[in-house]
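Participant: okay, sequence plus prediction incoming.
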Amino acid sequence: MGEAPAFVADDLPGDYPNGFDLKSEGHNTVVNVGNKTYLIGGTDHGSKSTIEVRVSDKRTGGWVTPTVLGTRPKPSEVISAVILNEDRIFILKGDSSPDDCFWFLEVDTPFVQEKRKEFGTEVVAWSKGVVGDAKKPIVISGPSGVGKGTLISALMKEFPSTFGFSVSHTTRAPRKREQNGVHYHFTERSVMEEEIRDGKFLEFAEVHGNLYGTSIEVVEVVADAGKRCILDIDVQGARSVRASSLEAIFIFVCPPSFEELEKRLRARGTETEQQIQKRLQNAKAELEQAESQGLFDHILVNDDLETCYASLKKLLDLDEAVEIINESSPPLVDLPRDHSVSKIDKKILISCGTRERASKNIFLLDLSSLKGGAPGRTRGLDIYTSDSMTNGINVAVEGDGEDLHEVEVIQEYEIEDEGPSIMK
Ligand SMILES: Nc1ncnc2c1ncn2[C@@H]1O[C@H](COP(=O)(O)OP(=O)(O)OP(=O)(O)O)[C@@H](O)[C@H]1O
Ligand SMILES: Nc1nc2c(ncn2[C@@H]2O[C@H](COP(=O)(O)O)[C@@H](O)[C@H]2O)c(=O)[nH]1
């Protein structure tokens, strides 16, 4: 079992850090992961009003405020936590809306380890848990002028409810007809550099002499709208996303020939001769890198536009002009305010009821098929009610309900075949 203990002041290595005090005890949870202690919660949120995190290394003592990546959850008066794989903490917010009760705080995933090196600070990353199996984001790369934007526009036009475009930030000047916030978030280099230092970007790269980047927030906004995110980014960016926890499908679009690429770039008429030369020069390197082992899942040759678009739809499993709206809208669960959690293998048991009045009503959260992670969303959570489990589950609540954390599973439980039930 990897259950986090309930908050007790004695668990703290030292005094309360800033933003946490005695008043907030019930709103906090303390989790020990390896040599580190994580204090999650706090009441002194100020105007930002989000859950705070402090970290203490048992070897050095004292509290550190980490660099926090991803959207932070709103505060909760009832927080429970469970450690998963020693690299992330699963958080349940008992008094939150159904779409806001499951969260993951990544503390030592490969993404966090990389960012820790990059920033030279303690780093944690939030990711919201999504019930059900939302589809993976799509990363589309390829040399400038190959037709990525044209293909993406066609997809967005034909399937407006399915896809959401990740509007990048860039320091390049807008072209005629490009709108701020629609095609790009046009920004000053100094502002973008500061935001990069603050950890706001999933990835960023210097491309053709300008800075481009995908903000974590943009990807989360698309996911929260229930849409599948499409990222149009260069090969360096694709490499960074591949290294992150954001599980995506990576597609590289190739021109039929270098001459045709040059023709398209010139015909578009948006770059100066000098810029065209630079983009063509970079295209050579990008075409070579497309072959890098394990970087791209699919390579599409954009010769005839219609044929290429049909191939793209085929590999994304899209039926001709049939858009399934809300296909993956997640099932909802109303997590009771009074509950306790325990972990067995890859399953989490949520027992309802107060400590004084124990109830045997149990929800089971299956974590075995988790996908994705910070930044963005952790998908694939499955919820089962005690009704949908056979009587193979036999839970003994020890004592008089005083300590509901002591839940002992006597037999292995089975789940009926009909799949996850939807709880409201
Ligand atoms: N299959 C095709 N055949 C001929 N022209 C095409 C084809 N696909 C796209 N084009 C044209 O090529 C030009 C470049 O396309 P687009 O702007 O979509 O490229 P891009 O890959 O998004 O470029 P960038 O990376 O610079 O944004 C456009 O004028 C577009 O109309
Ligand atoms: N790494 C990233 N690359 C990006 C991003 N947004 C766009 N791009 C790539 O830049 C070039 C040039 O684009 P243009 O609009 O100036 O023609 C192109 O290859 C895009 O894919 C980003 O957020 N990150």
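Facilitator: Good, I have the coordinates. Quantities reported herein were computed from a predicted structural model and do not represent experimental measurements. Ligands and ions are numbered 1, 2, ... in the order given.
Participant: quick one: the helix or strand Ile89 falls within to chain centroid distance?
Facilitator: Using DSSP states H and E, Ile89 falls within strand 88-93. Strand 88-93 sits 14 Å away from the centroid of its parent chain (CA atoms, centre = their mean, to the nearest Å).
Participant: just list whatever residues bridge to the nearest residue to His27 once chain neighbours are set aside.
Facilitator: Nearest-residue entry for His27: Gly41, 4.6 Å, with adjacent residues in sequence omitted and distances by CB to CB, 6 or more residues apart in numbering. Any C-beta I mention is one placed from the backbone N, CA and C, and that applies to glycine too. Residues in a beta bridge with Gly41, per DSSP bridges, are Glu52.
Participant: Gly41: neighbouring residues, count only.
Facilitator: Gly41 has 26 neighbouring residues, counting by other CB atoms under 10 Å.
Participant: any idea of the mean pLDDT in the helix or strand that the strand holding Ile89 is followed by?
Facilitator: Using DSSP H and E, the helix or strand that follows strand 88-93 in sequence is strand 102-106. Average pLDDT, strand 102-106: 93.
Participant: partner strands of strand 102-106, with direction?
Facilitator: Strand 102-106 has these strand partners (DSSP bridges): strand 88-93 (antiparallel), strand 123-131 (antiparallel).
Participant: mind checking which of those strands is nearest ligand 1?
Facilitator: Closest approach to ligand 1 among the strands paired with strand 102-106 (CB to the nearest ligand atom): strand 123-131, 28.9 Å.
Participant: for that closest one, which positions count as buried?
Facilitator: By neighbour count with 16 or more other CB atoms under 10 Å, strand 123-131 contains the buried residues 123-131.
Participant: returning to that earlier point: please save the CA atoms from the strand holding Ile89 in PDB.
Facilitator: C-alpha atoms of strand 88-93 as PDB (Å, rounded to 0.1, in the frame of the first residue of the first chain):
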ATOM      1  CA  ARG A  88       3.800  10.900  -9.000                       C
ATOM      2  CA  ILE A  89       1.200  11.600  -6.300                       C
ATOM      3  CA  PHE A  90      -2.400  10.900  -7.100                       C
ATOM      4  CA  ILE A  91      -4.600  13.600  -5.400                       C
ATOM      5  CA  LEU A  92      -8.300  13.400  -4.800                       C
ATOM      6  CA  LYS A  93     -10.300  16.600  -4.000                       C
END
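Participant: what lies in contact with it?
Facilitator: 4, 29, 31, 33, 38, 40, 51, 73, 76, 78-84, 100-109, 129, 335, 339, 341, 343, 348, 350, 367, 373 (CB atoms under 8 Å, 6 or more residues apart in numbering).
Participant: out of the residues you listed, which are buried?
Facilitator: 4, 29, 31, 33, 38, 40, 51, 73, 76, 78-84, 101-109, 129, 335, 339, 341, 343, 348, 350, 367, 373.
Participant: interface residues of the chain facing ligand 2?
Facilitator: Selection of the chain residues close to ligand 2 by CB under 6 Å from any ligand atom yields 144, 148, 168, 172, 203, 205, 207-208, 212-214, 232-234, 236-237.
Participant: same thing but at 5 Å, please
Facilitator: 168, 205, 207, 212-214, 232-234, 237 (CB under 5 Å from any ligand atom).
Participant: name the nearest of the buried residues of strand 123-131 relative to Asn302.
Facilitator: Using CB to CB, Val130 comes nearest to Asn302 of the buried residues of strand 123-131, at 32.4 Å.
Participant: you'd agree that closest one is up against Ile383?
Facilitator: No. At 11.3 Å, Val130 does not count as touching Ile383 under the criterion of CB atoms under 8 Å.
Participant: return every residue with contacts to both of the two.
Facilitator: By CB under 8 Å, 6+ apart, no residue touches both Val130 and Ile383.
Participant: buried ones in whichever strand or helix holds Ile276, by neighbour count?
Facilitator: Following DSSP H and E, the helix or strand that holds Ile276 is helix 273-289. Neighbour counts over helix 273-289 (16+ other CB under 10 Å) mark 276, 278-280, 282-283, 286-287, 289 as buried.
Participant: are that helix and ligand 1 in contact anywhere?
Facilitator: No. Using CB under 5 Å from any ligand atom, helix 273-289 never reaches ligand 1; the gap is at least 6.8 Å.
Participant: and that helix, what does it pack onto?
Facilitator: Counting contacts by 3 or more CB pairs under 8 Å, 6 or more residues apart in numbering; DSSP states H and E, helix 273-289 packs against helix 258-268.
Participant: before we move on, which element is the closest residue to ligand 2 within the stretch 151-300 of the chain in?
Facilitator: Closest residue of the stretch 151-300 of the chain to ligand 2, CB to the nearest ligand atom: Gly237 (2.4 Å). Using DSSP H and E, Gly237 falls within helix 235-243.
Participant: and that helix with helix 273-289, angle?
Facilitator: 40 degrees (axes from the mean of the first three to the mean of the last three CA atoms, to 10 degrees).
Participant: can helix 235-243 be said to contact ligand 1?
Facilitator: No. Shown here: helix 235-243 not in contact with ligand 1 (CB under 5 Å from any ligand atom), separated by at least 11.2 Å.
Participant: establish whether the helix or strand following that helix and ligand 1 are in contact.
Facilitator: Elements were assigned by DSSP H and E; along the chain past helix 235-243, the next helix or strand is strand 249-254. No. Counting by CB under 5 Å from any ligand atom, ligand 1 has no neighbours in strand 249-254; the shortest distance is 6.8 Å.
Participant: mean confidence score for strand 249-254?
Facilitator: 97.
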